[in-house]
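Enquirer: Got a sequence here, can you build the structure:
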Amino acid sequence: HFFDGYTFDEDYAMKCCQAAVDAGAKGLVLCDTNGGSMPWDVAHITSKVVQTFPQVTVGMHAHNDCGMAVANSLMAAKSGAGMIQGTINGIGERTGNADLCSIVPSLSLH
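Expert: As a prediction, this is how the structure comes out:
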């Protein structure tokens with residue numbers, strides 16, 4: 001629920017990331033658990049997290065409730081995320097997760 005939390009209270013969301021980094025986290029995985037984030041928001045927020053925490057790998061975990069999981073994952077990668085989580089054919093709970101069968105070739109070819 002990172003993106004929902006960030007939208008509701010940016011300062012608190014960033015403090016949670018800082019606490020994880022301070023405790024030794026090597027990565028921060030930003031989750032669109034409700035699958036309702038839009039790609040332009042994912043790009044903006046991911047860029048801010050990447051810039052604020054350059055010492056860790058930032059990742060993306062997207063659900064597909066609004067049909068945006070692949071787009072959000074690609075925007076996160078373009079915005080500096082070094083890890084993208086997904087599943088083969090997007091299989092996952094509710095309407096699924098980000099489809100690696102679309103993401104991998106898109107990242108490889110573009």
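
Enquirer: quick one: residue 78 and residue 95, what's the gap?
Expert: Going from residue 78 to residue 95 by Cβ to Cβ, to the nearest Å gives 23 Å. C-betas here are computed from N, CA, C, even on glycine.

Enquirer: Ignore what I typed, I meant residue 42.
Expert: 17 Å.

Enquirer: Kindly report the same for residue 5.
Expert: Applying Cβ to Cβ to residue 5 and residue 95 gives a distance of 21 Å.

Enquirer: quick one, what contacts residue 66?
Expert: Residues counted as contacts of residue 66 (Cβ atoms under 8 Å, 6 or more residues apart in numbering) are 35, 36, 37, 38.

Enquirer: Can you tell me the SS state at it?
Expert: coil (DSSP: H, G, I helix; E, B strand; the rest coil).

Enquirer: before we move on, what about residue 54?
Expert: Assignment for residue 54 (three-state DSSP): coil.

Enquirer: Run the chain-centre distance for the strand or helix carrying residue 42.
Expert: Using DSSP states H and E, residue 42 falls within helix 39-52. The gap between where helix 39-52 is centred and where its chain is centred comes out at 9 Å by Cα atoms, centre = their mean, to the nearest Å.

Enquirer: circling back: residue 42 and residue 95: who's more crowded?
Expert: When residue 42 and residue 95 are compared for neighbours, residue 42 comes out ahead with 25 against 13, by other Cβ atoms under 10 Å.
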